[in-house]
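1. Need the 3D shape of this:
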Amino acid sequence: MNTTNTNAASFSRDLAQVLASDDQSALLHDLVVSEDPPAGAWSRHTPPQSPLGRVGFPGVLSLVRGEVYTLDRHARLVEQVVRRRRWLPWLYEGRGPGLAVRRTIGHNLWQAEVVLIGRRRPGLALLQLQRPAGVALTLERIEAGLRLRWAGRWDVVIDISSPTVPLQISDDPAALKRQFQGFEDVTLNDTHVQWHWDHSGSVWLGARFEQTVTVRLAVVKPEQALPAPRSTTAMARGERKRWVSFFRDHVPALETDDPVLRDTWHFAWQVIWANRCQGGTPLHPHPFVSPARLHYASQWWWDEAFHTLVLRHLRGIGDAVYEPLANFFKAQAPDGAIPGFLNFGLDGDAEAMARASAKAMPMQPAVIGLVMDLLREKPGWPTSPQRLRALYEPLRRWGEWNLGPARDIDRDGLSEYDVWHNTSGDQSPRWDGQKVDPNHAMADPMRPTEAVDHNVWLSLLWENLAAMADALGASDDAEAHRQRAARTMQLIDERMWDETDGFYYDIDGQTHRKIRVKTPYGFMPLLSKHARADRVDRLVQEHLLNPATFWCRWPLPSVSLDHPAFDPVNMWRGPTWVNVNWMVIEGLLRQGYDEPARQLARRTVEMVGPRYEGGRRVRSPRIWEWYHPHTGEPLGNCQYGWTSLVVDLILRGLAGPVEVESAERSGQGAV
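-> The predicted structure is shown next:
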């Protein structure tokens, strides 16, 4: 008997059993994504569904809708819809009264196969193409579809198998439908289509077919040949092999009888790895993890910090866990500012793009300071002095920028937020009274505000910079960094603590008045070794575990329950966030409050996890952006990267007893 093949087949079956789902759909691989957002995605608004779903080369081109029509015996249009769905990371299957759909994905390649069911009849596949404003895409007809060229760097090719007549392009889908019905009064003008594409970035592609049609979207370098056509079954088989290999060879093995832990573990790992991109533009020479591929295709500074906390647990990850951060260091401005995000869809010179990104959004949340604490433990600092210095120097410059004239206007040693979109909770009531104009957009300025969270994280950053300086033999610098870390926490204690309320508040950067809005960010001092035990106890007993403020069914709400502006569904104005919970759990553990930490970890995993009734799973895990603190309803973006932090809670045994094979014991090779 071939034991290896038998075990691999068994592993594949087990993985499919856990990850199979009929209540969500997403296929993600490198630069191409396909997704049917579940009901409620992005603040309770669901994008329109269609048989082919939504497909994209994120930030550059989207197939917004893929509709399928047939004609009845009176030549009337019948729109074919999908009623039942089944999802796996490597295959989507949908079925309706008149059609069956199978979709799969590969490296920079998406493919959908549509089969009409019933009597033999012609069909019409309609695809809506949309490019974002500001992205230049030249449109060129090819034999069976379209080629769209982006900035001479990538070609996006859409081809359709075996159309019965030449493909038609129009800015108006009604014209293509009318033509399909046999009306002869429809005139399609390529010149008009080109004008509409250049000015609105939207066109419709129509393909008539008999019984079966296959649609592909491929992303290739201009000099590369298109991948050879393969059947949908063969493509799905290859993608399944990739996922089986990832879980078998790189994800620590989980042994548990708890279906909530098991399901949440697998879905979270699938989300974080599916959101991983292999670079691909001048701003992204290194791989990175997108927060949510269809909605946030670019790379974000503080999201990426959380992503590294999950990826560090992969077998053999080593120094590669730091690679995504190198994209930001490459884009760092001369004064030390780091862009809040690196826009994947930007055209032009890399250096100019980096400067534009840093100026437009120098997002400040310094959570990397906390993250470095855990990266230092596992996988450890980079193994060579050269690579360690490549990490140390950009972070040192960024730390100094945060305490320079640009971010410490009153020069008192505490860093300030000055644009509410650049904070750790852009729509939070924390900023309502600080906005220069409450009616303007998120990118508008606010009064300089010294935030508890940001400064605690900066203190932790200086502690880690001290450790790196020691490793590099710079003992004087290390001592200076430690003094700065301690001084920052001293200022937080002196200026942000309110003895009457027993809570840490943000303060106005000019008047130093306290902004009396309680949020979980007031618990961030728990993360510091300089935290005072008496104040820690008040934070935990009077506030965190208080059902009237934070300890609700699914804690921790992003604003205290008793605040007048509390809103359980609106972004940062009340919902629960996994990344915030994770930080508070870490703080509780550091201060010796193990039992509250475990309770919060368990509730967090259960909130994200599946729902079972009578031993049967009736809802898959929801790795979403935020959650209703009373009902646990998932909200915001689905397939959200930092919510995969539940992996860390499970791996460390905080959400319940599990056995996990460690990366150190496994002996597996690098990812």
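
2. thinking residue 636 is in contact with residue 626, fair?
-> Yes - the pair residue 636 / residue 626 is scored as a contact, 4.7 Å apart, by Cβ atoms under 8 Å. Where you see a C-beta, it was placed from the backbone N, CA and C, and this is true even at glycine.

3. Any stretches of this protein with poor pLDDT?
-> In the prediction, the chain carries residues with pLDDT under 70 at positions 1-8, 43, 46-47, 163, 346-363, 440-443, 662-670.

4. so how far is stretch 400-409 off the chain centroid?
-> 29 Å (Cα atoms, centre = their mean, to the nearest Å).

5. cool, and stretch 190-210?
-> For stretch 190-210, the distance between its averaged C-alpha position and the chain's averaged C-alpha position is 31 Å (Cα atoms, centre = their mean).

6. Can you list the buried residues in it?
-> Of the residues in stretch 190-210, those with enough neighbours to count as buried (16 or more other Cβ atoms under 10 Å) are 193, 196, 197, 201, 203, 204, 205, 206, 207, 208, 209.

7. Now render those residues as TSV, adding secondary structure and distance to residue 105.
-> Shown next, in TSV, are these (DSSP: H, G, I helix; E, B strand; the rest coil; distance: Cβ to Cβ, whole Å):
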residue	secondary structure	distance to residue 105
193	helix	29
196	helix	29
197	helix	26
201	coil	24
203	strand	24
204	strand	23
205	strand	20
206	strand	24
207	strand	20
208	strand	26
209	strand	22
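
8. Out of those, which comes closest to residue 326?
-> Checking the buried residues of stretch 190-210 against residue 326 by Cβ to Cβ gives residue 201 as the nearest, at 32.3 Å.

9. For stretch 188-199, C-alpha coordinates in CSV please.
-> Extracted C-alpha coordinates of stretch 188-199, given in CSV (Å, rounded to 0.1, in the frame of the first residue of the first chain):
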residue,chain,number,x,y,z
LEU,A,188,-23.2,48.9,-32.1
ASN,A,189,-20.5,51.5,-32.7
ASP,A,190,-16.9,50.6,-31.6
THR,A,191,-15.9,54.3,-31.7
HIS,A,192,-18.7,55.1,-29.2
VAL,A,193,-17.8,52.2,-27.0
GLN,A,194,-14.2,53.4,-26.9
TRP,A,195,-15.3,56.9,-26.0
HIS,A,196,-17.5,55.6,-23.2
TRP,A,197,-14.7,53.3,-21.9
ASP,A,198,-12.3,56.2,-21.8
HIS,A,199,-14.7,58.6,-20.0
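
10. Show me what it is in contact with.
-> Stretch 188-199 is touched from outside by 139, 168, 169, 170, 171, 175, 179, 202, 203, with contacts defined as Cβ atoms under 8 Å, 6 or more residues apart in numbering.

11. Would you point out the most distant pair within those?
-> When the contacts of stretch 188-199 are compared pair by pair using Cβ to Cβ, the farthest-apart members prove to be 139 and 179, with a separation of 20.0 Å.

12. These two - which one has more neighbours?
-> Under the criterion of other Cβ atoms under 10 Å, the comparison of residue 139 against residue 179 puts residue 179 first, with 20 against 17.

13. wait, is that one part of a helix?
-> Yes - per DSSP: H, G, I helix; E, B strand; the rest coil, residue 179 lies within a helix segment.

14. Break down the stretch 301-450 of the chain into its helices, ranges please.
-> For the stretch 301-450 of the chain, the helices defined by DSSP state H, counting those that start in this stretch occupy 301-311, 323-330, 350-360, 368-377, 385-402.

15. Direction-wise, compare the longest one with helix 301-311 and give the angle.
-> Computed with axes from the mean of the first three to the mean of the last three Cα atoms, to 10 degrees, the direction of helix 385-402 lies at 140 degrees from that of helix 301-311.

16. Buried residues, helix 385-402. List them.
-> Of the residues in helix 385-402, those scored as buried under the neighbour-count criterion (16+ other Cβ under 10 Å) are 388, 389, 391, 392, 394, 395, 396, 397, 398, 399, 401, 402.
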